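>>> I'll drop the sequence and a predicted model, then ask my questions.
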Amino acid sequence: MRKNLDIISAYSIMLGLIILVGFLQSWSMALSILCLCLISAVMTMGANIQWGYAGLINFGIMGYTALGGLAAVLVSVPPVREAWQVGGFNMILCAFLIAFMVFSIRFIMKNYNQSKKRSYGIAAIIIVGLILLRLISAPAIESIESVSPATTGFLGGMGLPILFSWIVGAFFAGALAYIIGKIALGLRADYLAIATLLISEIVIAVIKHEDWLARGVKNVIGLKRPVPYEVDLQSKEWFINLVEKFNQGTLNLITNTLERQEALKQLVIESSTVFVKLCFAGLFTVVVIILLIVTQKALYSPWGRMMRAIRDNEEAANAMGKNVVKQHLLIFVLGSAIVGIAGAMMVTYDGLFTPGSYRPMRYTFLIWVMVIVGGSGNNFGAILGGFAVWFLWVEAAPIALFLINFFTSSLEETNAFRVHLVNSIPYFRFLMMGIGLLLIMRYRPKGILPEKIKHI
Amino acid sequence: MDSLNAIVLLLNYLFVPALSYGSQLALGAIFVSLIYGILRFAYFTAGDLMSFGTMFTILFTWYFQYLGISLGFLPTALLAMPFGIIITILYVLVKDKLVFSYYRTQKSPPVMLAMVSIGTMFVTQAIVRIVIGPFDRRFFDGEKFILKANEFKEMTGLNEGLTIKSTQVITLLVTIIVVSILFWFLNKTKTGKSMRAYSDNEDLALLSGIDPKKVVMITWVIAAILATIGGALYGLDKSFKPFTYFNNMLPIFAAAIVGGIGNPFGAFLGGYVIAFSEILLTYAYKKFFVYLLPASLEPDGLLQLLSTDYKFAVSFSILVIVLLFRPSGIFKGKVL
């Protein structure tokens, strides 16, 4: 108990802050902060596995998040039959062609020694394959995108419950990480950072501009939800009764029946949004707890000790007979898969998929700030970092407004300087994040909750 | 005649834009490469430092316009640039004193410094957005074209016009001047040589009495100068928007790595490699072949290898390929 005091106190402060938002602003706001905090926590856990356990820098978090979101679309949206009829065959043919190309290249790589001939052969396969792909897919893409472009214009998904996408998203992100890992993991730390950052940009470019896949920048809206809709709740008898029971006190004060009815209606509408967010928060908490248990177990297992050994001294670990390359690849895939889950969760929560909104500031660098601030190598720290940084990110605007009003209170309301500052409030969050990161890196480089290593 | 038309077409839509875009990237890539070589970390603030310098250039341009000072047919921004450079130099030096110097004395690993530069990236981005706002701004004044398409057509009697914007010529001239001064400085002067020595072998350089503080300071000054000039030229040619500048960090990194990181001359060439490949691969060649081929062979499609949406993706793919097969870059890194 004693040794976990810092963890417990840090988490209670965090929870207290969120509850404070509930009292000061609104419960709906507090719950949406909580939900996004939980999602951020999943992302930071993924990044923490890679950075904290193994010392791998992955600046491609944005790409895996987007792939998780793509999974949510591909799993939950009902298939567009018309689009499949006009272009499905060609697209499947393309998929087979890609698989064929990959296998033939692997076959050549395996069975022939390195030579000029082999390189030319592989280049020829790639070039011919790309031309064939282009010839086969171009007409199909055109006809798919012309199927009622205002509403669909894409192949659609599988029409399954959206919760499956959390697993599918993990697989998507893991698969991408496998490819990237094969290519880039041999690079030095900062090269790896840049390479992953650029590859994630390529992923976003593909998702944005391949309209047949998920409508690109036209966005997919109205995704199915794993929790009830507000409108349905508002007409359910049990829910109205529940709200009545909860607010007995305030309702009893109102004597007029008509007014009482009106007040109850208002309360039901308000509580329905809160209820929905509570359901989401519950689901996300389950995910966070499962992941936390698994990652904690892994961290203190022989495997976790081996990962730390590899992180701290790669050559020594190699000399002890540990396969560094293989373990790096494994942990790269696992961490990215967790980020993929978070991506799918985020799209599930928003109910829409907007590829245009994926930007490296928000989805890569902010997550890194969370990991560093929270404490790399410590799962509790990473989760706390996700909570604290997201909380600040959302609450930065009100705090900045308060500070600006405080410091410029001697100036008039219409003073040009004051108006300019008030208008640029949204950007103070960048300033806070930057200064916060710099301060933490300077004075507490291991984060708020530093890594603890149990010695046996 | 047709073949001449085809060549002019390529010159107009491919060569001239790629040359000016490449110069802007090259200036950025050189300073990223220098910082990597001498301070030994990946400087993620690169794009935002460019926007910081450009912002002050714009502010001074507005001030001069308000005072009624102009350079005639040249843009006022050229006059404002030195003032922007001075403020950017002060900014990077203060930043180095407050932030980076601590980690240098601690001998922190490069990864740590790269993380710190992400912190300064957030701060710089915030400053730019708070001072000037996130909007698109044009600050070009003076004569817009040196050669207009119509004039060219009349002059030569060709079907295709060749447009040369004055910003493109300014970009090219300024780049040539700045880069030649820089390479003269690095190769011929004593300070430049000491910088190269420091980059090659830090311990040996320290032993032979090179002052590390001076080397670091000059590196930052060069970085600030190149960032402001590169950023202001980009802003003159296109427009100034903080978000675009942040995004430009990515092709700049690509150029620096393709050219061999730590090698300024390689980075300089890398800028052009990236710019030309971006534009070559996303240009629609239909019209070009219409001129060259007989009517019966005329192509139906646009003959575009990749849609322009993938412009960025091209440079990143090149980077990935280079990293795979020649991790030290095309021109071999770490020689300065």
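Nice, thanks for sending it over. Numbers count the residues shown, from 1 in each chain, chains lettered A, B, ... in the order given.

>>> tell me which parts of the stretch 351-456 of chain A are close to chain B?
Within the stretch 351-456 of chain A, the positions adjacent to chain B are A:361, A:365, A:368-369, A:372, A:421, A:423-424, A:427-431, A:433-435, A:437-438, A:441-442, A:445 by C-beta under 8 Å from any C-beta of the partner chain. All C-beta spots, glycine's among them, are computed from the backbone N, C-alpha and C.

>>> Let's see that with 7 Å instead.
Counting by C-beta under 7 Å from any C-beta of the partner chain, the positions of the stretch 351-456 of chain A adjacent to chain B are A:365, A:368, A:372, A:424, A:427-428, A:430-431, A:433-435, A:437-438, A:441-442.

>>> Most neighbours out of these, which is it?
Neighbour counts for these, by other C-beta atoms under 10 Å in any protein chain shown, peak at A:I372, which reaches 31 neighbours.

>>> Who are the packing partners of the strand or helix carrying that one?
Assigned by DSSP states H and E, A:I372 belongs to helix A:366-374. Using 3 or more C-beta pairs under 7 Å, 6 or more residues apart in numbering or on different chains; DSSP states H and E, the elements in contact with helix A:366-374 are helix A:27-48, helix A:379-407, helix A:428-443.

>>> Which residues outside it are in contact with it?
A:40, A:43-44, A:47-48, A:51, A:61, A:381-386, A:388-389, A:393, A:433, A:436-437, A:440-441, A:447-449, B:115, B:118 (C-beta atoms under 7 Å, 6 or more residues apart in numbering or on different chains).

>>> hang on, the earlier thing: can you list the helices and strands packed on helix A:366-374 in JSON lines and add distance to B:T76 and mean pLDDT?
Shown next, in JSON lines, are the helices and strands packed on helix A:366-374 (distance: least, C-beta to C-beta, whole Å; pLDDT from 0 to 100):
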{"stretch": "helix A:27-48", "distance to B:T76": "46", "mean pLDDT": "93"}
{"stretch": "helix A:379-407", "distance to B:T76": "33", "mean pLDDT": "90"}
{"stretch": "helix A:428-443", "distance to B:T76": "30", "mean pLDDT": "92"}
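
>>> among those helices, which is the most enclosed?
Greatest average neighbour count among the helices and strands packed on helix A:366-374 goes to helix A:27-48 (a mean of 25), per mean count of other C-beta atoms under 10 Å in any protein chain shown.

>>> Report all helices and strands that it contacts.
helix A:5-24, helix A:61-76, helix A:257-299, helix A:324-350, helix A:366-374, helix A:379-407.

>>> which other residues reach the first one?
What it means is helix A:5-24. In contact with helix A:5-24 (C-beta under 7 Å, 6+ apart) are residues A:29-30, A:33-34, A:380, A:384, A:387-388, A:391, A:448-449.

>>> Three-state assignment for the residue of chain B found nearest chain A, please.
Nearest to chain A in chain B, going by C-beta to the nearest C-beta, is B:F122, at a distance of 3.0 Å. At B:F122 the chain is in helix, as set by DSSP: H, G, I helix; E, B strand; the rest coil.

>>> need the contact list for the residue nearest to it when sequence neighbours are not counted.
Computed as C-beta to C-beta, 6 or more residues apart in numbering or on different chains, the closest residue to B:F122 that is not its neighbour in sequence is A:G434, at 3.0 Å. Residues in contact with A:G434 (C-beta under 7 Å, 6+ apart) are B:119-120, B:122-123, B:126.

>>> Tell me the spacing between A:G434 and A:V369.
9 Å (C-beta to C-beta, to the nearest Å).

>>> Which positions within the helix or strand harbouring B:G231 qualify as buried?
According to DSSP H and E, B:G231 maps onto helix B:212-237. Across helix B:212-237, burial judged by 16 or more other C-beta atoms under 10 Å in any protein chain shown covers B:215-220, B:222-237.
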